[in-house]
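1. Following is a predicted model, sequence given first.
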Amino acid sequence: MSDTETTVRSLYAALERGDAAAALALFDPHIKWTEAKSSPYYQGTVEGVDAVVKTVLEPIANDFDKFVIEPVQFVTESDRCAAFGLYSGPVRATGRHLEADFVHLWTVRDGRLTSFRQYTDGAAWIEAFAKR
């Protein structure tokens with residue numbers, strides 16, 4: 001396994017055990033983060049750890065009782081790693097359960113995550129957040 005993939009896997013492991021400090025420590029201070037346009041957290045490309053926390057991580061924590069990110073496959077070449085997996089969890093505002101496939105495209109430099117781009121099933125997000 002490459003250093004790039006080890007770094008990406010370390011992030012998911014930290015998130016799974018609820019260790020936010022360890023997860024954020026893997027981010028480059030100037031990380032560039034782009035959610036999918038179909039994501040409720042899309043704000044274009046945001047830069048910096050504080051921006052990621054404010055625009056993505058805190059809103060997810062507020063919107064879900066338990067948000068699970070389950071990567072199932074990794075494809076790595078040089079400093080890029082694609083993680084394929086499934087998001088799941090109950091949405092507080094609607095009571096509906098999200099299940100959405102994802103691909104995360106990461107760039108790693110010097111053991112730090114420098115960029116993130118998300119691809120996900122927009123219809124699943126819309127359905128989970130839709131009020132009845």
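-> Looks like it arrived, so ask away.
2. contacts and neighbour counts: CA atoms only from here.
-> Will do.
3. so how far is residue 74 from residue 101?
-> Separation of residue 101 from residue 74 (CA to CA, to the nearest Å): 14 Å.
4. State the phi and psi torsions of residue 130.
-> phi -70, psi 130 (degrees, to the nearest 10).
5. give the contact list for it.
-> By CA atoms under 8 Å, 6 or more residues apart in numbering, residue 130 lies in contact with residue 94.
6. thought residue 73 was touching residue 81?
-> No - in this structure, residue 73 is not within contact of residue 81 by CA atoms under 8 Å, at 10.2 Å.
7. When these two are compared, which one has more neighbours?
-> Higher neighbour count among residue 73 and residue 81: residue 81, with 23 against 10, using other CA atoms under 10 Å.
8. I'd like to know how many residues surround residue 115.
-> 21.
9. Check residue 61 too.
-> Residue 61 has 11 nearby residues by other CA under 10 Å.
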